[in-house]
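Trainee: One predicted model, sequence on top.
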Amino acid sequence: MANSSSRPTAAGRRKAGRHRGEGQWAAGHFTPLNANEQFKKDDDGLNVRTRIETIYSKRGFDSIDPADLRGRMRWWGLYTQRKPGIDGGKTAVLEPHELDDEHFMLRVRIDGGRLTATQLRTIGEISQEFARGTADLTDRQNIQLHWIRIEDVPEIWRRLESVGLSTTEACGDVPRVVLGSPVAGIAADEIVDGTPALEEIQRRIVGNPAYSNLPRKFKGAVSGSPLLDIVHEINDVAFVGVEHPELGPGFDVWVGGGLSTNPKLGVRIGAWASLEDVPDVFEAVVGIFRDYGYRRLRNRARLKYLLADWGPSRFRQVLQDEYLLRTLADGPPPAVPAERWRDHIGVHRQRDGRYYLGFAARVGRVDGGTLTKIAELAQQHGSDRLRTTVEQKMLILDVEEDQVGPLSEALAALDLQVTPSAFRRGTMACTGIEFCKLAIVETKARGASLVDELERRLPDFDEPITINLNGCPNSCARIQVADIGLKGQLVTDEDGRQVEGYQVHLGGSLGLDPGFGRKVRGLKVTAAQLPDYVERVLTRFTAGREEGERFAQWAARAGEEDLK
């Protein structure tokens, strides 16, 4: 029998049973329940621009209010970057001000990945003049610059906005960049061109104070490509092109996807949206997140948690009854894509008879000079239009047939491959410890060197393979849905020392049989062991796979010894 002294008192039971709520505005919970909600209530993040232009850029870094520095400035695409020389072991133990460098990462928002040569040249020139030449292509179609001084931000904004670009809500608790098919409007196999919907979403949402205070970030995507080229399964809301048997081409609606430390794949709500419906549905889903999203705990403040609690049926009902005020038609799911690669790399014929060329840099890392040269090539060989992709790649559109060869050669001279190896094509990396305050290990340089080493060791390997390196558990590089996902952490080497390394996830995928990778007990590799490990597991896959078997399928059935 339990000791009576261990039983809760009546007062204790009342306290334990009292539900504090989840901070949902729709339930009347408007009192901020954490510091992030407080600074957003104190002042809209969009308002910080005026202070940057009139105070901080004139008085310097030390004049910046901490709530702006580590909060509201994200609403304008600005994060402080990591102070040089701080090792990964100190990431979780130092205070924010100890990690902050006096320079910023600046994210240029590129909805749908759509760029003109003039816009890309402008980004390249800004990189060279203000960012020490840095530039990274992200897996959300943006371009990020580093080493930005607060004094230079107003001039950078002026130049970007003069060519129709912006950093508005590129970060922050807002609707982030809207992903779009990089071949929208030109692909011969396109089901429906989502560009008009994406443009209308931008017009309604970006910079709109009605949606500038969400529980956390909100990610959306629109694509009519049968290749499923917008990683729709890991967005808060995504619209995927489908052919309705009675209503014709439109979009299947998915909600509630996201990765980070508690990954969840998005789910279909069973609704079909016409091209004209998409902006209304997108805006309504943002409204649901704003009003019903959980604001009490930061780590539960994504739409995926609300969706998990409600389920798709209730979510659809609230969407229709309270926000759209109309019923959406039922619709079919998307078809399984015919191709295993969905990054548009290579030479492809457009519907108008011209061609587009997709090409790969190593792990998305370029530089300002390279960006300006790519812009020049687009004007010389194409029609001025370029696209970024969700795989850290780029496309040049509208290339005449007689220009395909010369353009391919010119890109190769810049180390940009139109016919890359499987390793160059399939390896991605997040920013890593070089600039990110959350990172524990190096990613970009290590990913690039891994590509080079695997090309040397396995020159004949030509199976589609994704190798994603992430510097921390937050999965900006989508480690859980890669064939080989590498989560950065400190590990113990053979001499008992703490060194940079990775926990390994195996057999994740999107598009074909989407699912999360398998974690084998104790499977961690040091950074020094990484090339040997990847070579070993790919060699075993090549030897042990069945006819037509993908790596993810093999990894799901392989014995643990084959995966170590």
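Mentor: Great, that's in hand.
Trainee: all contacts plus neighbour counts: C-alpha atoms, from now on.
Mentor: OK.
Trainee: Tell me who's in contact with residue 297.
Mentor: Counting by Cα atoms under 8 Å, 6 or more residues apart in numbering, residue 297 touches 22, 33-34.
Trainee: got the phi/psi numbers for it?
Mentor: phi -110, psi 130 (degrees, to the nearest 10).
Trainee: re earlier: I'd like to know which of the contacts of residue 297 is nearest to residue 235.
Mentor: Nearest to residue 235 among the contacts of residue 297: residue 22, at 22.1 Å, using Cα to Cα.
Trainee: what's the pLDDT at the closest one?
Mentor: On pLDDT, residue 22 comes in at 93.
Trainee: so which helix or strand takes in it?
Mentor: Per DSSP states H and E: residue 22 is located in neither a helix nor a strand.
Trainee: Kindly report the same for residue 40.
Mentor: helix 35-42.
Trainee: Please report the distance of residue 71 from residue 84.
Mentor: For residue 71, the distance to residue 84 equals 21 Å [Cα to Cα, to the nearest Å].
Trainee: Between the two, which is the more surrounded one?
Mentor: residue 71 (21 against 12; other Cα atoms under 10 Å).
Trainee: residues contacting that one?
Mentor: 36, 39, 45, 172.
Trainee: what is the rounded mean pLDDT of the helix holding residue 40?
Mentor: What helix 35-42 shows for mean pLDDT is 96.
Trainee: for stretch 91-111, same thing?
Mentor: What stretch 91-111 shows for mean pLDDT is 95.
Trainee: Over to stretch 485-495?
Mentor: On average, stretch 485-495 scores 94.
Trainee: Centre of the chain to that stretch, how far?
Mentor: A distance of 24 Å separates the centroid of the chain from that of stretch 485-495, by Cα atoms, centre = their mean, to the nearest Å.
Trainee: just stretch 401-408 next, same as before
Mentor: A distance of 31 Å separates the centroid of the chain from that of stretch 401-408, by Cα atoms, centre = their mean.
Trainee: same check, this time on stretch 152-169
Mentor: Averaging C-alpha positions (Cα atoms, centre = their mean) puts stretch 152-169 22 Å from its chain's average.
Trainee: Only the buried residues of that stretch, if you could.
Mentor: By 16 or more other Cα atoms under 10 Å, the buried positions in stretch 152-169 come out as 153-154, 156-157, 159-160, 165-169.
Trainee: helix or strand for the residue nearest the centre of the chain, which one?
Mentor: Centroid-nearest residue in the chain: residue 140, 4.1 Å away (criterion: Cα atoms, centre = their mean). For residue 140, there is no enclosing helix or strand under DSSP H and E.
Trainee: Now do the same contact list for it.
Mentor: Neighbour list for residue 140: 177, 179, 389-392 [criterion: Cα under 8 Å, 6+ apart].
Trainee: chain center to the helix holding residue 40: distance?
Mentor: Mean-position distance between helix 35-42 and its chain equals 25 Å (Cα atoms, centre = their mean).
Trainee: Residues contacting that helix, please?
Mentor: Contacting residues not belonging to helix 35-42 are listed as 32, 67, 71-72, 213, 215, 295 [Cα under 8 Å, 6+ apart].
Trainee: from those residues, which two are the most distant?
Mentor: It's 67 and 295 that sit farthest apart of the contacts of helix 35-42, by Cα to Cα, at 18.0 Å.
Trainee: Buried subset of the contacts of residue 297 as a ChimeraX selection?
Mentor: Buried subset of the contacts of residue 297, written as a ChimeraX selection, criterion 16+ other Cα under 10 Å:
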select :22,33
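Trainee: ok, the contacts of residue 297 vs residue 351, which is closest?
Mentor: Of all the contacts of residue 297, residue 22 has the smallest distance to residue 351: 49.8 Å, by Cα to Cα.
Trainee: What separation do you get for that closest one and residue 294?
Mentor: Separation of residue 22 from residue 294 (Cα to Cα) stands at 5 Å.
Trainee: Next: residue 242.
Mentor: Computed as Cα to Cα, the residue 242 to residue 294 distance reads 32 Å.
Trainee: Residue 35 too?
Mentor: Distance, residue 35 to residue 294, by Cα to Cα: 14 Å.
Trainee: In terms of neighbours, single out the busier of those two.
Mentor: When neighbours are counted by other Cα under 10 Å, residue 294 comes out ahead of the other of residue 35 and residue 294, with 25 against 12.
Trainee: my guess is residue 453 meets residue 531, correct?
Mentor: Yes. Look at residue 453 against residue 531 with Cα atoms under 8 Å: they come within range, at 6.8 Å.
Trainee: Out of those two, name the residue with the larger neighbour count.
Mentor: More crowded of residue 453 and residue 531, by other Cα under 10 Å: residue 531, with 20 against 16.
Trainee: pLDDT wise, what is the more buried one at?
Mentor: 98.
Trainee: which SS class is it?
Mentor: Following DSSP: H, G, I helix; E, B strand; the rest coil, residue 531 is assigned to helix.
Trainee: Endpoint to endpoint, stretch 251-260 covers what distance?
Mentor: Using Cα to Cα, the end-to-end distance of stretch 251-260 comes to 27 Å.
Trainee: quick one: average pLDDT of it?
Mentor: Mean pLDDT, stretch 251-260: 96.
Trainee: Pull the distance from that stretch to the chain's centre.
Mentor: 13 Å.
Trainee: Would you map the helices across the stretch 351-500 of the chain?
Mentor: Applying DSSP state H, counting those that start in this stretch to the stretch 351-500 of the chain gives helices spanning 368-381, 404-413, 422-426, 444-457.
Trainee: okay, those helices, which one's buried deepest?
Mentor: When the helices of the stretch 351-500 of the chain are scored by mean count of other Cα atoms under 10 Å, the highest mean neighbour count falls to helix 422-426 (a mean of 25).
Trainee: So which residues make contact with that one?
Mentor: 345, 360-363, 451, 454-455, 461-467.
Trainee: Would you enumerate the residues in contact with residue 491?
Mentor: 497-502, 524-526.
Trainee: returning to that earlier point: when residue 67 and residue 295 are compared, which one has more neighbours?
Mentor: residue 295 (28 against 17).
Trainee: Residue 535 should be in a helix, yeah?
Mentor: Yes. Residue 535: assigned to a helix according to three-state DSSP.
Trainee: now the residue lying closest to it once chain neighbours are set aside: how far from residue 424?
Mentor: In this structure, residue 535 finds its nearest non-sequential neighbour in residue 454, 6.9 Å apart by Cα to Cα, 6 or more residues apart in numbering. Separation of residue 454 from residue 424 (Cα to Cα): 9 Å.
Trainee: do the same with residue 194
Mentor: 29 Å.
Trainee: Ok, residue 484 next?
Mentor: Taken as Cα to Cα, the span from residue 484 to residue 424 is 14 Å.
Trainee: Residue 549 now?
Mentor: From residue 549 to residue 424 the distance is 21 Å (Cα to Cα).
Trainee: Same question for residue 336.
Mentor: Using Cα to Cα, residue 336 is found at 25 Å from residue 424.
Trainee: Next: residue 128.
Mentor: Distance of residue 128 to residue 424, computed by Cα to Cα: 25 Å.
Trainee: Quick one: list the elements packing against the helix or strand hosting residue 127.
Mentor: Taking DSSP H and E as the criterion, residue 127 maps to helix 117-130. Helices and strands touching helix 117-130, as assessed by 3 or more Cα pairs under 8 Å, 6 or more residues apart in numbering; DSSP states H and E, comprise strand 134-137, strand 143-148, helix 153-162, helix 368-381.
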